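Colleague: Sequence unavailable; structure follows:
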């Protein structure tokens, strides 16, 4: 059975309070803003936005990845939500 999701955005929130980790770079704020913007879209079940544990890219963080394309978005900041949502929409438009 095929999942209903056409895109799945993961935002690393690993290591809150640990210097150098995504969680110490306001990734929780980025996640909440991306979810807020995502709720305004008419995506239905086609998109999921989730927190993730370590994606192995904290030195390049805040690290985000969009599947199924495996499209990485590194060096993000807490204000990157609109850009991430735009990237998700671009993937949906290519599907």
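Modeller: Happy to help now that I have it. Bear in mind that the values here come from a model prediction, so they are computed numbers and not experimental data.
Colleague: correct me, but residue 10 touches residue 50?
Modeller: Yes. If you go by C-beta atoms under 8 Å, residue 10 and residue 50 touch, sitting 5.6 Å apart. Backbone N, C-alpha and C define where each C-beta goes, glycine included.
Colleague: who's more crowded, the two?
Modeller: Between residue 10 and residue 50, counted using other C-beta atoms under 10 Å, residue 10 has the larger neighbour count: 18 against 12.
Colleague: May I have the secondary structure class of that one?
Modeller: Of the three states, residue 10 takes strand under DSSP: H, G, I helix; E, B strand; the rest coil.
Colleague: lowest-confidence helix or strand of the chain?
Modeller: helix 81-94 (a mean of 94; mean pLDDT, DSSP states H and E).
Colleague: Next, the buried residues of that helix.
Modeller: Neighbour counts using 16 or more other C-beta atoms under 10 Å place 81, 84-85, 87-88, 91 of helix 81-94 among the buried residues.
Colleague: between these, which is nearest residue 32?
Modeller: Using C-beta to C-beta, residue 81 comes nearest to residue 32 of the buried residues of helix 81-94, at 8.5 Å.
Colleague: so what's that closest one closest to, chain neighbours aside?
Modeller: Excluding its sequence neighbours, the residue lying closest to residue 81 (C-beta to C-beta, 6 or more residues apart in numbering) is residue 33, at 3.8 Å.
Colleague: Model confidence for the one you found, exactly?
Modeller: As predicted, residue 33 sits at a pLDDT of 97.
Colleague: that older thread, got a list of contacts for the least confident helix or strand of the chain?
Modeller: Here helix 81-94 makes contact (C-beta atoms under 8 Å, 6 or more residues apart in numbering) with 6-7, 9, 11, 30, 33-34, 36-38, 41, 43, 46-47, 49, 64, 66, 69, 71, 73, 76.
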